[in-house]
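Student: what follows is a predicted protein model with its sequence.
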Amino acid sequence: MDLSGVVAPLEVADGRGYYLVFWYDELPLGDCYVRAEELPMSSATLLNLASSIAVDAVGTRLFGASFSSAMPPGSISDATAPTLNAVEIAQLSRPLEASLAQAEEVGKEQRRETISIVICTRDRPEYLEQCLLSLRTLDEKAAEIIVVDNAPTTDQTRKLASGCPGVRYVHEPRPGLDVARNRAVRESTGSIVAFVDDDVRIHPCWLRRIRNSFLDSRVQAVTGLVLPQLLETESQILFETEWTFNRGFSRKVFGSAFFASTRDRGVPVWDIGAGANMAFRRSAFARFGYFDERLDVGAAGCSGDSEYWFRILAEGGVCVYEPGAVVFHAHRPTMEGLEHQLFNYIRGHVAALLIQHQKYRCRGDIRRLLITLPHHYARMFGRRLLGKADSQSTNLIVQCRGYLSGIAFFLRHRSIPADALAASATQVTAPASTHAQHSTA
Amino acid sequence: MPSVILDIEVTEPFPEVILDDETDGVAVLLRRKRRPLAFWMEDAATLTNRTLTPAYFDARTLRHARGVLLRDSIREEIAPVAEYKPFPSLSVVICTRDRADLLARCLRSIQSMQRPLSCPEFEILVVDNATADDSTRNVVAEFQSVRYVHEPVPGLDTARNRGLQEASGDLVALLDDDVVADQGWLLGFEEAYSENPDAAVFTGLILPLELSTFAQEAFERRGGFRLAFGTGFEKARYGRQRTGDPGYPAQAGRFGAGANMTLNRSAILQLGGFDEALDTGAPLAGGGDLDMFYRVIRAGLPLVFEPRMLVFHFHRTTDKSLRAQYESWGKGYMAFVSKSYAVDPENRKGLRLAVRLWISYQAKRLIKSIRTTDLGELRYVSREVWGGVVGLLGAYNRSVRRMERRRSSMT
């Protein structure tokens, strides 16, 4: 629903509700569910609702993280954010216009970063085709588009990619999403490498917003908003309401303060974004290493992305969540698809906690693994026994299996791939060689 | 004991306010372009300085109202042209009984309300309920174009029903005689009506008129009439169901209060008007508004809360009368619940849940007051709980029989 135009009332829709996303022109500001029983809803009510919902997104964009009380701990404001005072807020006349201008304006003075867009895929040409089509609508062109075909069983992806002008096809025979991503990094030439999943469609402003977010040279990684393409089936709704890739509509800056204030309880790196929509400075890979190939689809299941953000934060880098960079994700339409996905999430998440601990020895990761998660599952189990089934516990057994499987996976894959460590950490784990360097120096 | 109440407009420069030695606290109503945004109370003892500087107001505004402040300017941006539908005829009805001086203040505030451009003339009607003298009649005579009606059967809901019958407007605003309407009340109503022409009930914000005594401060500090759910500064539109809101729509203090409610006359008459066995005065002096809101919601009619429809209420001045008020709240609530339990069997589960939530809420407050040895609080809570117990034990049925006797003795 675009608030810069005329907002039409919501009519009754044969017993169904609405999922609304409020935009101002091309800037997303917030979302909400309108249930069937609340329909019809007048424009005036919608506008009142939208004004309340947009407050956090607008406030944090104009006044920085300190505006919102719902930001992650240790969030920092951009250097340009003004100090908060009430008079300034009271004098704002067109806050939405100002927010949009702010999201765009940065670009004008932007150093010309070149961007490589990377899509890793495997035997899903029908999704990939949609994704590639959406790339044509981008209002700024990328330096290159790379499709990494990961251990394919057919040549459909090759045919599709070679039929698209401006798309480079790369074949990676070793299975694993992070294997494919690492291959893409090595193949790419842009100063920024932006990854999207093959099952997303991309918003026209996406590239520009990603580029703008790298203006600050401390920023090593940028993530964006992932909205659902469809909420038709039970599993799609369950995924969106209980799990979701959506990390909100407020811009967030994650730095060492966020890491320091959460490390004892397990840094919630998954809050930074989703692998379906993320970008990195290419120079980051020299500093922080490559993706850990033990994680993600084809290996542990997922969390290769968040483990990487963990490394960036642990090494003092900055990650930015920019909700203005939007992709639309095709949620799994069936319950089996969802269960499989959940299993992989939990498995990958647990493996990532162990891998993070292996690399950085933060007690918080172990605490989360051995106390927080088991406690969470025990509580859900208890609620199930009491007959209070809630939607998150629907796949409880699957989640517990994923948990155990994640631990087992880690025990089988304990050796750290040589390229999945930050440069500084390589020195620590290889004391003999550093020592030798020092002594020769 | 007194607190000063400050009415601060954020679009104007913040003032500097010096508190005199008598003043023990401040209460601030913050507005943006006259729309209420936030309300807060503060002990003078906790302030570092008895001079409230612009920096103080800035810091507090940031703390309490930065979100709503931005919300209002966003709304102004996306819904700028306020072309309101002119509302149909309105009657303002004030039910009163032997409180001529309060009534005069109330009437003056209604007559000096700011009129919207499209505002048709509206009628003002005073229902004098079972009066002992002609003081009310004399006061009304001092005002031009205020109609006077006498209702001999005592009971607030009886008087309200009489007002509904006598009123000529399609919409009827029922205000208590102990409120003063804000200048912007009518503008707020115009906006609320324009946004929700289908609503059967409009309720509004109720803030303190003065905080001069200990009891008045205690009442407001405990939440006053501000909505028990949410902040009370957000517009709201309530329908028959609300997901994730246990006990809805039978919670106390969910929708607003009878001191400030505006009704769609024909819709309310179709529902049978107010229940005259509630709000009868002692011994059952409450529940009529809760019962009306509940029936409206259960009938599937929209109920709207509009913070701009603001009135200031003259709170009870003595601790004794305040405790009596809490008792009547407990009693009125439970009388309403037990009545609804009998007449609305479909929603028994919801009513039981609402009662359970009420009990656990009161129990928490009771335990907290004991743990912090807050004797005053303990007395308020226990009076409300006591009222609840009496209300549950047949207060409603006794009241029905009492009203029958009252009416038959009148005829």
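Tutor: In hand now; what should we look at?
Student: can we go C-alpha only for contacts and neighbour counts from here?
Tutor: Fine.
Student: report the contact partners of B:Glu77.
Tutor: By CA atoms under 8 Å, 6 or more residues apart in numbering or on different chains, the residues touching B:Glu77 are A:93-96.
Student: can you give me the pLDDT of it?
Tutor: pLDDT for B:Glu77: 92.
Student: got the phi and psi for it?
Tutor: Phi and psi for B:Glu77, reported as degrees, to the nearest 10, are phi -70, psi -40.
Student: what's the answer for the one 10 residues further on, then?
Tutor: Recorded main-chain torsions at B:Phe87 are phi -80, psi 160, according to degrees, to the nearest 10.
Student: residue nearest the middle of the chain, spatially speaking?
Tutor: Here I'm looking at chain A. A:Ala274 (1.9 Å; CA atoms, centre = their mean).
Student: chain B, not that one
Tutor: Among the residues of chain B, B:Ala257 comes closest to the average C-alpha position under CA atoms, centre = their mean, at 3.3 Å.
Student: does that residue touch B:Thr203 like I think?
Tutor: Yes. Using CA atoms under 8 Å, B:Ala257 is in contact with B:Thr203, at 7.1 Å.
Student: parallel or antiparallel, list what pairs with the strand or helix carrying A:Ile145.
Tutor: Assigned by DSSP states H and E, A:Ile145 falls within strand A:144-150. Using DSSP bridges, strand A:144-150 pairs in its sheet with strand A:115-121 (parallel), strand A:167-172 (parallel).
Student: and the longest one, average pLDDT?
Tutor: Per-residue pLDDT values over strand A:115-121 give a mean of 96.
Student: what's the longest strand in the chain?
Tutor: In the absence of a named chain, chain A is used. The residue-count maximum for a strand in chain A (DSSP state E) belongs to strand A:318-329.
Student: if you could check chain B rather than the one you did, that'd help
Tutor: Max-length strand for chain B by DSSP E is strand B:303-313.
Student: in a strand, A:Leu338, correct?
Tutor: No. Secondary structure of A:Leu338, determined by DSSP: H, G, I helix; E, B strand; the rest coil: helix, with no strand assignment.
Student: that one is in contact with A:Arg332, isn't it?
Tutor: Yes. With contact defined as CA under 8 Å, A:Leu338 reaches A:Arg332; the gap is 5.9 Å.
Student: intersection of neighbour lists for these two?
Tutor: Taking CA under 8 Å, 6+ apart as the criterion, A:Leu338 and A:Arg332 both touch A:Ser235.
Student: between the two, tell me which one has more neighbours.
Tutor: Neighbours were counted for A:Leu338 and for A:Arg332 using other CA atoms under 10 Å in any protein chain shown; A:Arg332 has more, 21 against 18.
Student: which pLDDT value goes with that one?
Tutor: Looking at A:Arg332, its pLDDT reads 87.
Student: distance of it from chain B?
Tutor: Computed as CA to the nearest CA, to the nearest Å, the A:Arg332 to chain B distance reads 26 Å.
Student: next up, the contacts around that residue.
Tutor: A:235-236, A:338.
Student: now, which of the residues you listed lie close to chain B?
Tutor: Restricting the contacts of A:Arg332 to those touching chain B (CA under 8 Å from any CA of the partner chain) yields no residues.
Student: and which of those residues is nearest to A:Val267?
Tutor: The closest of the contacts of A:Arg332 to A:Val267 turns out to be A:Leu338 (CA to CA; 25.8 Å).
Student: can you map out the helices along the stretch 201-350 of chain A?
Tutor: Using DSSP state H, counting those that start in this stretch, the helices found in the stretch 201-350 of chain A span residues A:206-213, A:234-238, A:256-262, A:282-288, A:304-314, A:335-360.
Student: redo the ones you listed as TSV? Include mean pLDDT.
Tutor: Compiled in TSV, the helices of the stretch 201-350 of chain A are given as follows (pLDDT from 0 to 100):
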stretch	mean pLDDT
helix A:206-213	92
helix A:234-238	89
helix A:256-262	89
helix A:282-288	94
helix A:304-314	93
helix A:335-360	89
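Student: appreciated, that's everything.
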